[in-house]
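>>> structure, please.
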Amino acid sequence: MAIKYDEYLLLELFCSEPIIIDADAEIYSYRIKDKIGFELTLYFSVYDQFATARLEYKGKDRPIFEVELNNVQEIKADKEKLSFFRQDTNEPVFQIMILPSFMLDLNL
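As a prediction, this is how the structure comes out:
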């Protein structure tokens with residue numbers, strides 16, 4: 001199995017191309033910053049079905065949060081949020097609202 005995602009919607013949400021960590025293994029990283037210094041980074045491995053989301057603030061040594069998810073089946077993106085789905089679920093197990101500001105919704 002592999003993570004399903006729409007690269008164009010991720011491009012639109014993050015306003016940039018992904019950083020390709022490993023092209024053969026399809027491991028990618030996306031990054032977005034807001035106006036006040038928060039930075040959200042998404043890493044995911046398509047074939048390993050693994051995703052990590054990290055929120056950092058400028059000048060801080062440690063992230064504010066870091067969530068690692070296994071068995072991710074799908075990542076959905078729209079203009080305001082990212083949603084992570086596991087196998088056989090209709091509801092997202094984790095969401096990150098991007099606009100108007102960063103907010104988390106974790107449903108494990």
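
>>> doesn't residue 76 make contact with residue 13?
No. If you go by CB atoms under 8 Å, residue 13 and residue 76 don't touch, sitting 10.2 Å apart. For every residue, glycine as well, the C-beta is placed using N, CA and C.

>>> the more surrounded of the two?
Neighbour count, other CB atoms under 10 Å: between residue 13 and residue 76, residue 13 has more, with 22 against 16.

>>> now do stretch 7-14: distance to the chain's middle.
In terms of CA atoms, centre = their mean, to the nearest Å, the centre of stretch 7-14 is set 11 Å apart from its chain centre.

>>> list the buried ones in stretch 60-68?
Within stretch 60-68, the residues scored as buried using 16 or more other CB atoms under 10 Å are residue 67.

>>> swap in stretch 13-20?
Buried-residue list, stretch 13-20, by 16+ other CB under 10 Å: 13-14, 18.

>>> shared neighbours of residue 13 and residue 76, anything?
Here residue 13 and residue 76 have residue 82 as joint contacts, going by CB atoms under 8 Å, 6 or more residues apart in numbering.

>>> quick one: residues contacting the residue nearest the centre of the chain.
Nearest to the mean C-alpha position of the chain, by CA atoms, centre = their mean, lies residue 42 at 3.8 Å. Residue 42 is in contact with 14, 29-31, 51-53, 82, counting by CB under 8 Å, 6+ apart.

>>> report the beta-bridge partners for it.
Beta bridges link residue 42 to residue 30, residue 53 when assigned by DSSP bridges.

>>> which residues touch the helix or strand of the chain with the lowest mean pLDDT?
None of the helices or strands of the chain scores lower by mean pLDDT, DSSP states H and E than strand 103-106, at a mean of 84. With contacts defined as CB under 8 Å, 6+ apart, strand 103-106 is touched by 65, 67, 92-97.
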